[in-house]
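Trainee: Have a look; sequence and predicted model below, questions after that.
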Amino acid sequence: GKIELLLRGGGGDYAVRLQDGTRIPVSRSRVDELEDRLGVDVLQRGDSGDS
């Protein structure tokens, strides 16, 4: 599937979410590369359970 957005969890962990809802963990070292390649911004979200 296609990457819909890049999620940032409260603990400094990252994941990408695909259009079908699949979430894939991403290491912090690759986030900048992903943003660059995909042209997406990191979204701060409460998906990890933090508010």
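Mentor: Noted; the coordinates are in hand. Numbers count the residues shown, from 1 in each chain.

Trainee: alpha carbons only for contacts and neighbour counts from here, please
Mentor: OK.

Trainee: Helices of this protein, start to end?
Mentor: 28-38 (DSSP state H).

Trainee: Output the below-cut-off pLDDT ranges for it.
Mentor: 40-51 (pLDDT under 70).

Trainee: mind redoing it with 50?
Mentor: Low-confidence segments of the chain, defined by pLDDT under 50: 46, 49-51.

Trainee: Strands of that one, start to end?
Mentor: 3-8, 14-18, 23-26, 42-44 (DSSP state E).

Trainee: Same list (these) but as CSV, adding distance to residue 33 and mean neighbour count.
Mentor: Shown next, in CSV, are these (distance: least, C-alpha to C-alpha, whole Å; neighbours: other C-alpha atoms under 10 Å):
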stretch, distance to residue 33, mean neighbour count
strand 3-8, 12, 20
strand 14-18, 13, 19
strand 23-26, 11, 15
strand 42-44, 12, 14
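
Trainee: for the residue lying closest to residue 17 once chain neighbours are set aside, what are its contacts?
Mentor: The shortest distance from residue 17 to any non-neighbouring residue, by C-alpha to C-alpha, 6 or more residues apart in numbering, is to residue 23 (4.5 Å). By C-alpha atoms under 8 Å, 6 or more residues apart in numbering, the contact set of residue 23 is 15, 16, 17.

Trainee: From residue 4, how far out is the residue nearest to the first one when sequence neighbours are not counted?
Mentor: Computed as C-alpha to C-alpha, 6+ apart, the closest residue to residue 15 that is not its neighbour in sequence is residue 25, at 4.1 Å. Between residue 25 and residue 4 the distance, using C-alpha to C-alpha, to the nearest Å, works out to 14 Å.

Trainee: so what sits against both of these two?
Mentor: Common neighbours of residue 25 and residue 4 (C-alpha under 8 Å, 6+ apart) are residue 16.
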